[in-house]
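# kindly return the folded structure for what I paste below:
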Amino acid sequence: MTTLLLLISLSFAGTREEGELSRLVDEMIVLSERQAWTGVERTYAKVLDLEDVAIPRDVHISAAHAARSTGDIAEVVVRLRRAQTIERTDEEANWLNSIDEEFARVELRTVPARSVDLAPALMPFEPDQRLAVERAIVALADDGEFVGMLPVGSYVLGTTDFDVTAGYTAHVELSGKELKAAQKKK
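Alright, predicted model coming up:
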């Protein structure tokens, strides 16, 4: 992947935007090799801000790995689909199929927005699944809302049990009254 990104970066010439894209691709290569995913995220955001440039497929793939490292599975899907618009490969198709089997979309919130606990029935062992759960736990503790993807399984939000099932979106909304009841049970 690194060699391909390097060849792509060397082939850019012309506009200022293309030159900046080349520089950012080179930066992403170095950061990806170091697995400095936060840096890849930051650089990818700059790439997306460029206008009128053709972003190479491997840039989206590298950015998908960066999103995976933070547990942002919904963003992994977005980035893989961007890569597929350029070229469809078995690698991305298999990765997306795996995500479809292991994760599902969720919309979890409190109204009004208040901190709430999320607990999986069983914390996953797989690193990307664990990171996705931890990401949701932090978001719900901070904002009382999480919209994204969680691993398939059973969970408790406050005192409300719910299941995440592949192929379905789980919607759970807790009212202030339900949150107070959950806090009393603690």
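# only C-alpha atoms for contact and neighbour calcs from this point on.
Noted.
# break the chain into its domains for me.
Annotated domains of the chain cover 2-99, 103-185 [automatic domain parsing].
# report the central residue of the protein.
Asp72 (2.2 Å; Cα atoms, centre = their mean).
# surely that one and Leu150 touch.
No. Look at Asp72 against Leu150 with Cα atoms under 8 Å: they stay out of range, at 9.3 Å.
# which one's the longest strand in the chain?
Identified as the longest strand of the chain according to DSSP state E is strand 103-111.
# what's in contact with that one?
74, 116, 140, 144-152, 164-176, 179 (Cα atoms under 8 Å, 6 or more residues apart in numbering).
# which helix or strand lies directly C-terminal to it?
Sequence order places strand 118-120 as the next helix or strand after strand 103-111, per DSSP states H and E.
# within the sheet, what are the partner strands of the longest strand of the chain, with directions?
The strands beside strand 103-111 in its sheet (DSSP bridges) come out as strand 145-151 (antiparallel), strand 170-175 (parallel).
# follow-up on the earlier one: just the buried residues of the contacts of strand 103-111.
74, 116, 140, 144-152, 164-166, 169-170, 173-174, 179 (16 or more other Cα atoms under 10 Å).
# follow-up on the earlier one: comparing the domains of the chain by mean pLDDT, which bottoms out?
Looking over the domains of the chain, mean pLDDT reaches its minimum on domain 2-99, with a mean of 88.
# could you look up the SS state of Asp163?
Following DSSP: H, G, I helix; E, B strand; the rest coil, the label given to Asp163 is strand.
# number of residues surrounding the residue lying closest to it once chain neighbours are set aside?
In this structure, Asp163 finds its nearest non-sequential neighbour in Ser154, 4.4 Å apart by Cα to Cα, 6 or more residues apart in numbering. By the measure other Cα atoms under 10 Å, the count of residues near Ser154 is 15.
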